[in-house]
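Peer 1: With the sequence up front, the predicted model follows.
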Amino acid sequence: MNSSRLSKLSQSLRTSGLDALALNPGPSLAYLTGLHFHLMERPIVAFFTADATPTLVLPELEMLKVQDLPFEVKTFPYRENPAEWEQVFLAAGQSLGLMGKHIGIEPLQMRVLEFRKVQAIAGQADCPDATRVVGNLRICKEPEEVAAMRNAVRIAQNALEAALPFIKIGLTEKEIAAELVVQLLRFGSQSDLPFPPIVSSGPHGANPHAIPSKRQLRAGDLLVVDWGATMDGYISDLTRTFAVGQVDEEYRKIHQFVLEANAAGRAAAKPGVPCANVDRATRAVIEKAGYGQYFTHRTGHGIGIEAHEDPYMRSDNMQLLEPGMAFTVEPGIYLPGRNGVRIEDNIVITETDAECLSDMPRELKEVE
């Protein structure tokens, strides 16, 4: 699989205008090579060109990871003295003929530590944004990638179902989040979750990216749970909203509006349709209900080996949906200082339609 991806990368580089691509440890490097390194004080960079053997600068202590790769790789290991590291990077650049050339990077991933090493090789040449070079390879998932995401959805749904009986008035958001993490691991998620679960209640639910706090659940709260699992390196990202006991009629209504918006977004997702149409479909429902100003974010984002990647479901994105693209549909209504609602599902585009990977009930269920 990885050699095939490297071949596609070579083809992409030939038309990119770049002399090379430099990647530090992260999702794209893992996607292309299967290599996993954690970010640390020792810089690691892989260099890819259209024709040369992939070249890796790394600490000696990581050399065992590259011994059994199913493709050739050239290595430039270095020892512990930081004063020697830049010379090793320069030697790698010289071996590839990259001195003073245009070396693309991923700005969202490349740290300053590694960037300075790459910049020393590029010299006066710039280091262009190469996000699209790899992103275009990753955006349409292969069947085994979809299968991994389907498993990640299954694990996540089973975990929340197991955690729901634990929820009661008086528990804190932190306690509920901790129980959910335990259940995610128990049902088979990898320990590197796609993100820490968001568990937010009452006024905290009006913050789409709230951090679980010591706030205790109270009767009349809405409880927003945004969570996911990781399986074989691929993630799920789901949200459901619950009622803590009896809630005000307005809260039931906004939940119904979000439920309808979610359904409209899922129905709008088809091959050949612009991403913008998915966003417009959800937004139209919420705006018609009079809550448009309280839907404060895009409708969704791509998912795969990252929790946020291309394509993005926003009203100005005219990119056409293609088979294999996977993303979230997650409309919401957020009433500042009061409560919030979000319902999120995971979608993958098929040859003729769209498949919703998640099927956990979306109706407003009471917990207490």
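Peer 2: In hand now; what should we look at?
Peer 1: isn't there a helix covering A156?
Peer 2: Yes: under DSSP: H, G, I helix; E, B strand; the rest coil, A156 falls within a helix.
Peer 1: Tell me if I'm right that A219 and I169 touch.
Peer 2: Yes: counting by C-beta atoms under 8 Å, I169 is a contact partner of A219 at 5.9 Å. In this view, the C-beta of every residue, glycine as well, is placed from N, C-alpha and C.
Peer 1: Show me which of those two is the more surrounded one.
Peer 2: Higher neighbour count among A219 and I169: I169, with 14 against 11, using other C-beta atoms under 10 Å.
Peer 1: What confidence value was assigned to that one?
Peer 2: As predicted, I169 sits at a pLDDT of 97.
Peer 1: how near is it to I343?
Peer 2: 23 Å (C-beta to C-beta, to the nearest Å).
Peer 1: And for H297?
Peer 2: From H297 to I343 the distance is 13 Å (C-beta to C-beta).
Peer 1: which ones are touching R186?
Peer 2: Residues counted as contacts of R186 (C-beta atoms under 8 Å, 6 or more residues apart in numbering) are 159, 162.
Peer 1: Could I get the phi/psi values of it?
Peer 2: Phi and psi for R186, reported as degrees, to the nearest 10, are phi -60, psi -40.
Peer 1: Would you mind measuring from it to L90?
Peer 2: From R186 to L90 the distance is 49 Å (C-beta to C-beta).
Peer 1: try V66
Peer 2: Distance, V66 to L90, using C-beta to C-beta: 21 Å.
Peer 1: and what of E142?
Peer 2: Counting by C-beta to C-beta, the gap from E142 to L90 is 37 Å.
Peer 1: Also F195?
Peer 2: Distance from F195 to L90, by C-beta to C-beta: 37 Å.
Peer 1: Of the two, which one has the most company?
Peer 2: In this view F195 and L90 are compared by other C-beta under 10 Å, and L90 has more residues nearby, 17 against 14.
Peer 1: and the more buried one, what element?
Peer 2: Assigned by DSSP states H and E, L90 belongs to helix 85-95.
Peer 1: The helix or strand just after that helix - which strands sit beside it in the sheet, and in what orientation?
Peer 2: Note on helix 85-95: by DSSP H and E, the next helix or strand toward the C-terminus is strand 103-104. Pairing partners of strand 103-104, with direction, according to DSSP bridges: strand 20-23 (parallel).
Peer 1: so what secondary structure elements neighbour the helix or strand hosting A152?
Peer 2: Assigned by DSSP H and E, A152 belongs to helix 143-163. Secondary-structure packing of helix 143-163 (3 or more C-beta pairs under 8 Å, 6 or more residues apart in numbering; DSSP states H and E): helix 173-186, strand 222-227, strand 230-231, strand 234-235, strand 238-244, strand 326-329, strand 345-349.
Peer 1: mind checking how far that helix is from the chain centre?
Peer 2: 15 Å (C-alpha atoms, centre = their mean, to the nearest Å).
Peer 1: Distance check, the residue nearest the centre of the chain against F195.
Peer 2: What sits nearest the mean C-alpha location of the chain, by C-alpha atoms, centre = their mean, is A307, with 1.5 Å. In this structure, A307 and F195 are 5 Å apart, going by C-beta to C-beta.
Peer 1: Next: L160.
Peer 2: For L160, the distance to F195 - C-beta to C-beta - is 15 Å.
Peer 1: anything in contact with each of H297 and I343?
Peer 2: Common neighbours of H297 and I343 (C-beta under 8 Å, 6+ apart) are G332.
Peer 1: more neighbours, these two?
Peer 2: I343 (25 against 15).
Peer 1: Give me the spatial nearest neighbour of that one, chain neighbours excluded.
Peer 2: Closest residue to I343 apart from its sequence neighbours, by C-beta to C-beta, 6 or more residues apart in numbering: N262 at 4.5 Å.
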